[in-house]
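Novice: Below is the structure, and that's it, no one-letter string:
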């Protein structure tokens with residue numbers, strides 16, 4: 001299946017970057033901060049991220065365990081981070097002058113990443129986009145938008161996507177964003193768009209955001225945002241590949257005042273929670289106006305790298321286990337190995353349901369140390385299918401590998 005690589009990778013890098021990094025108030029600053037459109041557009045004349053080093057970004061992300069990247073080619077403000085043929089509001093018309101999308105794709109592809117493009121269906125600045133309640137002009141009280149021709153906007157969207165899928169080599173993911181509750185899928189002419197997309201890139205994965213209800217155009221995978229579902233996602237009884245996208249602090253685009261970065265343990269827990277339900281994690285960075293990934297994000301990614309050195313086997317290619325984990329913990333599984341992820345340090349022994357006659361051995365992945373299976377006392381209080389292990393010296397974010405008898409291997 002064309003989604004096999006996606007389910008094997010499990011972990012990707014999201015990059016929100018554009019001229020909104022200059023004021024440093026997040027990617028929705030044009031909507032929230034009452035910018036005059038002409039003044040906002042002047043930011044393009046200041047954008048010169050001379051410290052952008054895509055090879056260093058790729059190295060950092062690869063070492064953190066990420067295996068695919070999704071880059072914002074255009075956000076809702078309409079500024080293109082690629083050399084668009086259809087607008088002058090683009091990166092090659094800035095002091096930087098070069099096609100950042102092309103530079104990033106080259107560096108990440110050489111490192112071994114699968115390549116994804118984020119492209120907003122929304123364009124606040126385009127004269128023929130139809131404004132709604134989530135448009136800056138609407139926010140300022142304007143309700144009359146005469147003279148706009150939706151077909152012209154559809155052609156702009158179509159041509160832009162076509163260019164992205166013909167001039168940058170093989171593209172593995174197309175992350176559209178987004179059809180809000182105020183919009184109808186027909187505004188994008190999705191049938192025509194999808195026909196072209198799959199003709200140009202037959203193996204590409206397209207997400208679910210061409211429709212608000214996720215039913216009209218469900219896409220190849222689903223994208224819950226800044227949350228982890230309570231169960232695997234499915235449609236008509238079939239489990240659907242999915243990925244949750246999350247920020248490292250409280251913003252997608254660079255916000256210089258937002259220093260509320262999550263802990264590495266929080267991020268790792270989210271990742272394992274996703275995998276335990278057959279999902280992926282797409283973790284975001286918002287580079288600054290000079291081309292630096294913020295220190296808070298770098299620290300998290302380096303900590304992830306240290307963790308991955310010892311625990312990657314529990315992530316890459318792992319799936320949801322049909323065995324039930326102890327309450328408060330997560331399982332992932334690969335073959336006849338079950339991986340018990342510790343969301344908090346155990347206070348004492350851990351009782352594993354369903355594994356009484358199946359467990360062969362248990363060990364800490366951090367150092368290979370043996371985790372004792374308790375066989376000398378306490379069975380009288382166990383249910384018939386339970387077994388007790390004693391995870392001495394284990395801490396939060398540790399993983400215990402549980403090896404089970406081969407005839408009990410289960411797959412989702």
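Specialist: Cool, the structure landed. Here the structure is a predicted model, which means the values were calculated and not measured.
Novice: Just confirm residue 138 is within a helix.
Specialist: Yes - if the criterion is DSSP: H, G, I helix; E, B strand; the rest coil, then residue 138 is within a helix.
Novice: Looks like it contacts residue 129 (just checking).
Specialist: No - with contact defined as Cβ atoms under 8 Å, residue 138 does not reach residue 129; the gap is 11.5 Å. (Each C-beta comes from the backbone N, C-alpha and C, glycine too.)
Novice: Of those two, which one has the most company?
Specialist: More crowded of residue 138 and residue 129, by other Cβ atoms under 10 Å: residue 129, with 23 against 16.
Novice: Phi, psi for the spatially closest residue to residue 324 that is not a sequence neighbour please.
Specialist: Computed as Cβ to Cβ, 6 or more residues apart in numbering, the closest residue to residue 324 that is not its neighbour in sequence is residue 353, at 5.1 Å. Backbone torsions of residue 353, given as degrees, to the nearest 10, read phi -80, psi 150.
Novice: what packs against the helix or strand that contains residue 196?
Specialist: Element membership for residue 196 (DSSP states H and E) is helix 190-200. In terms of contacts (3 or more Cβ pairs under 8 Å, 6 or more residues apart in numbering; DSSP states H and E), helix 190-200 is packed against helix 150-164.
Novice: what sits up against the very next helix or strand once past the helix it packs on?
Specialist: Moving toward the C-terminus from helix 150-164, the next helix or strand (DSSP H and E) is strand 173-177. With Cβ atoms under 8 Å, 6 or more residues apart in numbering as the test, strand 173-177 has contacts from 6, 68, 70, 76, 114-122, 161, 164-165, 197, 201, 204-207, 209-210, 223.
Novice: Show me what counts as buried in the helix holding residue 196.
Specialist: Neighbour-count burial for helix 190-200, counted by 16 or more other Cβ atoms under 10 Å, picks out 190, 193-194, 197.
Novice: Now do that helix against helix 150-164, angle only.
Specialist: 20 degrees (axes from the mean of the first three to the mean of the last three Cα atoms, to 10 degrees).
Novice: Distance check, residue 401 against residue 366.
Specialist: Distance of residue 401 to residue 366, given as Cβ to Cβ, to the nearest Å: 10 Å.
Novice: Now stretch 181-193: average pLDDT?
Specialist: Stretch 181-193 comes out with an average pLDDT of 96.
Novice: With stretch 287-302 instead?
Specialist: 98.
Novice: ok, and for that stretch, which residues are buried?
Specialist: 287-289, 291-294, 296-297, 300-301.
Novice: And those, which is closest to residue 61?
Specialist: Nearest to residue 61 among the buried residues of stretch 287-302: residue 301, at 6.9 Å, using Cβ to Cβ.
Novice: okay but that closest one is in contact with residue 60, surely?
Specialist: Yes - applying Cβ under 8 Å as the test, residue 301 and residue 60 come out as touching, 5.5 Å apart.
Novice: shared neighbours, these two?
Specialist: With Cβ under 8 Å, 6+ apart as the test, residue 301 and residue 60 both reach residue 293.
Novice: ok, how many other residues are close to residue 256?
Specialist: When counting by other Cβ under 10 Å, one arrives at 14 neighbours for residue 256.
Novice: related to what we said a few turns ago, contacts for the helix holding residue 196 next, please.
Specialist: 157-158, 161-162, 165-166, 174, 204, 206, 210-211, 216-217.
Novice: How about the contacts made by residue 95?
Specialist: For residue 95, the contact set (Cβ under 8 Å, 6+ apart) comprises 45-48.
Novice: try 6 Å
Specialist: residue 48 (Cβ atoms under 6 Å, 6 or more residues apart in numbering).
Novice: ditto for residue 121
Specialist: 176, 188.
Novice: Quick check: the gap between it and residue 84.
Specialist: Residue 121 is 15 Å from residue 84, by Cβ to Cβ.
Novice: Where do the helices of this structure begin and end?
Specialist: Using DSSP state H, the helices found in the chain span residues 4-9, 29-32, 37-41, 54-63, 100-111, 136-139, 150-164, 190-200, 264-275, 295-311.
Novice: Burial-wise, tell me which of the ones you listed comes out on top.
Specialist: Sort the helices of the chain by mean neighbour count, taking mean count of other Cβ atoms under 10 Å, and helix 264-275 sits at the top with a mean of 22.
Novice: Show me the contact partners of it.
Specialist: Contacts for helix 264-275 (Cβ under 6 Å, 6+ apart): 10, 228, 244, 280-281, 300, 303, 307, 318, 330, 332, 341, 343, 396-397.
Novice: Can you list the low-confidence ranges for the protein?
Specialist: For the chain, the stretches with pLDDT under 70 are 407-412.
Novice: Could you chop the protein up by domain?
Specialist: 4-314, 330-408 (automatic domain parsing).
Novice: can you give me the strands for the stretch 1-150 of the chain?
Specialist: Counting by DSSP state E, counting those that start in this stretch, the stretch 1-150 of the chain has strands at residues 11-15, 68-74, 114-120.
Novice: and residue 276, which of those is closest to it?
Specialist: Nearest of these (Cβ to Cβ): strand 11-15, 13.7 Å.
Novice: Can you give the strand pairings for that closest one, parallel or anti for each?
Specialist: strand 68-74 (parallel), strand 279-285 (parallel) (DSSP bridges).
Novice: and the ones you listed, which is most packed in?
Specialist: Note that of these, strand 68-74 is the most buried (mean count of other Cβ under 10 Å), with a mean of 26.
Novice: Return the distance of the closest residue to residue 292 other than its chain neighbours relative to residue 219.
Specialist: For residue 292, ignoring the flanking residues on the chain, the nearest one in space by Cβ to Cβ, 6+ apart is residue 51 at 5.7 Å. For residue 51, the distance to residue 219 equals 36 Å [Cβ to Cβ].
Novice: When these two are compared, which one has more neighbours?
Specialist: In this comparison of residue 51 against residue 219, neighbours counted by other Cβ under 10 Å, the higher total goes to residue 219 at 20 against 12.
Novice: I figured the more buried one hits residue 208, correct?
Specialist: Yes - applying Cβ atoms under 6 Å, one finds residue 219 in contact with residue 208, separated by 3.9 Å.
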